[in-house]
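Chemist: The amino acid sequence is not available; the structure is as follows:
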């Protein structure tokens, strides 16, 4: 017996693991390890070795008495991902898996970097939906995998280097009614994952893949593996820099014919109703650009001493005559308001391998100025990874990231005077010269009284953004340390502990004269989160002839503590001093702490038969404290199993030569899901004190001491077929999952004294199809073209509800606390999650509007289905071309179907601001519809001929009380990314072989969509959660153009 | 594996039980705060004290489209719930027995507010969702008023509980009477007068009224009023002081109120409203309720509401029950022969107390001339004076208009209810969705939840 050793690498010298090596004509074989190293025992040093690996061209080499053989394999195509990360941090060959795992490599993520990590995934993964938040850079993005199947929680789990991290968005405490602080989005937790530190992202989409991650994995798992220094020879230094310029992506299409006013008349006196229609800022006023002279807020006022002030400087100079100025349009006033944003991202990293391990250190500096004036986001990230093998059998690993994020201002969300779109879009008159608002204090009253175009409902937008700031500063550390020890050749034991810790201070400042805070206001909001996961894992592997066995047993303890405390005053003693000690009214405190522990034990058994049949069996038991009551732990334990199998057809049957690989897979799995803490017992909550004396009220939610865990059972089948030497890669999955015993705060009538009751119930069936098509039509030495098409379709249908009849309200989005201004997200049996309901106007059986004999619509206050916000299907089309040193990539994202309810459409048209309202004939408008000339019993409908004034018509048609006329088709096709780059190889810099890549990059370049006013990707905020399907006075999103340079030494 | 779970899942943020004083203070303050706001933003529109210039579907009698205010249903049920917990505590624990009387009186008070607005409502099975059903059946208004456990019965039991209380543990959290139990008894007797008058078209109330009148233990002076004071500063100021100026400036004097106050040459107009912005001097102008907002009217041409509702809310009270109202009710009772009292002197007492309540000096000849009882119009005189006095007192002006027809409200300018003044509030849509079977029955009895079907005492 002789031994042959060697290494297998790719053409660039990077080692290739899992290369199958076979002595031809025998069954003797081995595989390479992580470092591409192999060792094989042969009878003699003759014969031929076959080296084969997925994604590489198989090669045969004569041994020729060599003792040491090193070989470089050429890549068959770039698209294949041979080894992927799966649950418990296990790297597995895709061929073994009985479920689909899709992954992205460094390049796929960082070619075009976004400030929010989630946005880097958009369009690149089948079945994964990302929606960007509405408040510019620093907003949360929402991610769902395979649609929404739970009534209450559809967030996937994020795992970095084996340990979960938090992806929550924690909002400030708000006041309902049109007073106090509005909601502010301070970003989602996973946005802080640094793309420059990522080696690979894998998405486990279904419960099968995720079963081992436990209760939080029922909505899928995003597994992130950070870069190591493993394959670096010598000292590897890389530096990359990106610069983006952002402009407003899509602004509303305004009318520019009519200016501020009502019924065609306007004159500014005090912006409080003292003039002609200067109470509110409708654009139903006089014609613009026809030479009309009108007293305006920015018109000059000559004082007795000959000096001049502005018309809107009313606090000290009221009652003076404002010299009328030309009433003209400012077509670009909103465009002028948004500035050019900039984002700089600089990353430097040092990595190296040494004889007993490897390390990597990286520092990233991100500075972003939003297109929204005064809004920014700065983030510094330090990432470290260390692998240390003091002795052969022991490996110690650590991965730690420290992140500091901060912003001087995060703008407010939703409908209300704290959102600048309230005064700029919905109620921003077309005669408004926004540039004249920049000097936003009244002279002599700096810091005390703002200057604006209206003082009744609206704040000067510059005043809001520069004075009423919502800043934050967040420190965060996540990471883990682990050790693994090879007890024998077959048994490995490992332990690990990881933490995600964040501590954040938010400061909400409100200046004197704010509409909602006459005497200013201030709030400090502390947000603290800590989760510690400690686990152990025992692993046993062996091979018995044709059968390989791999057994893992593990346990985990999760301890989670969240604390948030907002202390606020709604009036300040001294203007401009934002301290709680400057409070002029009692300080209110809102606090909430929650604690949770989950203990788990789990096991995984993997069988492999020859090289074509694989079987995984898993089981996990969780014990969750959230299901305990203060007196009982009876319902806290729940067990769930999974089984999955993969069968590689191409290894068993002789298939036509064009089929290079064919695999079938199937899996069955169950996942349990617990709930948030404290759903099992009711409490009393402190309310507004009276004369400093406390008051308490019962919570409006009826707790449930008998809560059971939610259960999702799923079934998935799929096939992975590769044709023409892997130039065509076709992967299809079908899944069918049933989620039952959902834990939900069921709305109940307040006549019961309560508004919600925590119950188990309801079943949702979620079915879908995902197709990933990888095409490499041209692969040659100088030119290659690779593209991936991701297609997905999902339907989540409600099979039963937790109540007897009617519809279940899952969420709502409202303007004011009024039934009629509310979009209800309701489901009924047979309905789909994502169905939206609202009110409209009365129609006859033909669908025509029924009008009164005065030509008016008749409100129909019965809720009707407006549509569903989910797309019918989604397609992502990602392309990459390489020609010599040039590369070109682009990503198209197409979402077809679904609707959006638009508040901009409703309010901008009621206000007479949008282009739809430009047509205003003197003779009025004849509303389309019919009039009943018969009786109520036997109706005779004839077309309406009565005209109403244009103003009346638009104000009624688009009335915010009736959502029916204020929807858009949400379909869009977007050019999400475009990048062109050139690589300089072998630069002789500092005596090293350096490479330099330069790229020009574009993001969000254009979209084809039905609505003319805003980016069709929208996410609204209501209460403490995100709402899809509603555009709620959103800020413009941005179109970015930039460049990137990467050096590698 | 479940060690410490009970402790971990025990909510440390908030108590599981509370002291009754915290609930009592909560119920009184929350009800008073919210219903005064309702009174300003919605009750005042239905009662035609003031009118809204824009965002005014409610003012145009589309009562299913409230905006700022106009949905009192949850306010009433939430407070009835907290009050029910208070009542239970008072009965379960002898140490809390002193709270039984106030809890029963408040229950009667809020139940009456509820049924007078909506008619038949969930009551005997209601606001006990944590112990009983979450889909409570509707009770008839007649039963709510007259049955055991109903309004009159609870007032009776409340008085008895207070009179029989011999403990030394005081009533805390009482922001109406500072723990003075006799104040509560007077409050309860005034409420009995009010509710007996309200059902007087259906039930022979004379004997009971006469006996209460004879006993003379009702609210007799402004000092004895069931009120609490708003403050000038936050957080206990009147809510309109906290809202944006635009929300306040959306409301102006109604033509109905303008005409009545001007005809009486009533100086309270200067307390309750402001002179027109532009015109200067003491020029007050009102607008007919329910305009079509798209026709465009200028707020500068009409009188805004007075500074007592925004700048000086320290002068304003949350009004539960007053001496003035009691005297107007007794004047009506005497007029109708239910009691053997002197209508005119009761009426005059009501007026002078109303001026005192609103902190306006009573002009010398006001009682004898301007507001003197007129032959054949006494009822209109009495109710009109009570109507003026009850500004922002919930929906009371409108409720009493429905009962008596006074003051004569106007046909509004752009009605969305076929020019009919509504006679009940519609059940909110959430009842239809969440308590559907019981709602269906109630809707059936109200012509499909029509706002034009009178409640039992108004039939």
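Modeler: Everything's here; your move. Values in this document were obtained by computation on a predicted structure and should not be read as measured data.

Chemist: surely residue A:437 meets residue A:452?
Modeler: Yes. Using C-beta atoms under 8 Å, residue A:437 is in contact with residue A:452, at 6.9 Å. All C-beta spots, glycine's among them, are computed from the backbone N, C-alpha and C.

Chemist: Look up the residues that both of those two are in contact with.
Modeler: Common neighbours of residue A:437 and residue A:452, counting by C-beta atoms under 8 Å, 6 or more residues apart in numbering or on different chains, are A:460, A:463.

Chemist: C-terminal to the lowest-mean-pLDDT helix or strand in chain A, what's the next element?
Modeler: Lowest by mean pLDDT, DSSP states H and E among the helices and strands of chain A is helix A:207-210, with a mean of 71. Tracing the chain C-terminally past helix A:207-210 and defining elements by DSSP states H and E, one meets strand A:221-226 next.

Chemist: Contacts for that next one next, please.
Modeler: Contacts of strand A:221-226 (C-beta under 8 Å, 6+ apart): A:85-87, A:121, A:143, A:156-161, A:190, A:193, A:197-204, A:209-210, A:213, A:383, A:385, A:399, A:401.

Chemist: other SSEs contacting the helix or strand where residue A:880 lies?
Modeler: Following DSSP H and E, one finds residue A:880 within strand A:873-883. With contacts taken as 3 or more C-beta pairs under 8 Å, 6 or more residues apart in numbering or on different chains; DSSP states H and E, strand A:873-883 sits against strand A:783-800, strand A:886-896.

Chemist: right, and those strands - which one's nearest chain B?
Modeler: Closest to chain B of the helices and strands packed on strand A:873-883 is strand A:783-800 (C-beta to the nearest C-beta; 15.8 Å).

Chemist: Off-centre distance for that closest one?
Modeler: 18 Å (C-alpha atoms, centre = their mean, to the nearest Å).

Chemist: Apart from its neighbours in sequence, what residue is nearest residue A:640?
Modeler: In this structure, residue A:640 finds its nearest non-sequential neighbour in residue A:670, 4.1 Å apart by C-beta to C-beta, 6 or more residues apart in numbering or on different chains.

Chemist: residue contacts, whichever residue of the stretch 851-1000 of chain A sits closest to chain B?
Modeler: For the stretch 851-1000 of chain A and chain B, the shortest gap (C-beta to the nearest C-beta) falls at residue A:952, measuring 4.4 Å. Shown in contact with residue A:952 (C-beta under 8 Å, 6+ apart): A:856, A:924, B:292, B:294-295.

Chemist: Report the two of those separated the most.
Modeler: Farthest pair in the contacts of residue A:952 (C-beta to C-beta) is A:924 and B:292. Separation: 13.9 Å.

Chemist: returning to that earlier point: take the helices and strands packed on strand A:873-883 and write them to a markdown table, including mean neighbour count.
Modeler: Formatted as a markdown table, these follow (neighbours: other C-beta atoms under 10 Å in any protein chain shown):
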| stretch | mean neighbour count |
| --- | --- |
| strand A:783-800 | 19 |
| strand A:886-896 | 19 |
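
Chemist: Save those strands as CSV, and put in mean pLDDT too.
Modeler: Output for the helices and strands packed on strand A:873-883, formatted as CSV (pLDDT from 0 to 100):
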stretch, mean pLDDT
strand A:783-800, 92
strand A:886-896, 93
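
Chemist: what's the neighbour count on the residue nearest to residue A:802 when sequence neighbours are not counted?
Modeler: Leaving aside its sequence neighbours, residue A:802 sits nearest to residue A:761 (C-beta to C-beta, 6+ apart; 2.6 Å). A count of neighbours around residue A:761, defined by other C-beta atoms under 10 Å in any protein chain shown, yields 17.

Chemist: pretty sure residue A:761 contacts residue A:801?
Modeler: Yes. Counting by C-beta under 8 Å, residue A:801 is a contact partner of residue A:761 at 7.0 Å.

Chemist: coming back round to it: kindly reformat the helices and strands packed on strand A:873-883 as TSV containing distance to chain B.
Modeler: Output for the helices and strands packed on strand A:873-883, formatted as TSV (distance: least, C-beta to the nearest C-beta, whole Å):
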stretch	distance to chain B
strand A:783-800	16
strand A:886-896	31
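
Chemist: pretty sure residue A:729 is touching residue A:773, no?
Modeler: Yes. Assessed by C-beta under 8 Å, residue A:729 is found in contact with residue A:773 at 7.2 Å.
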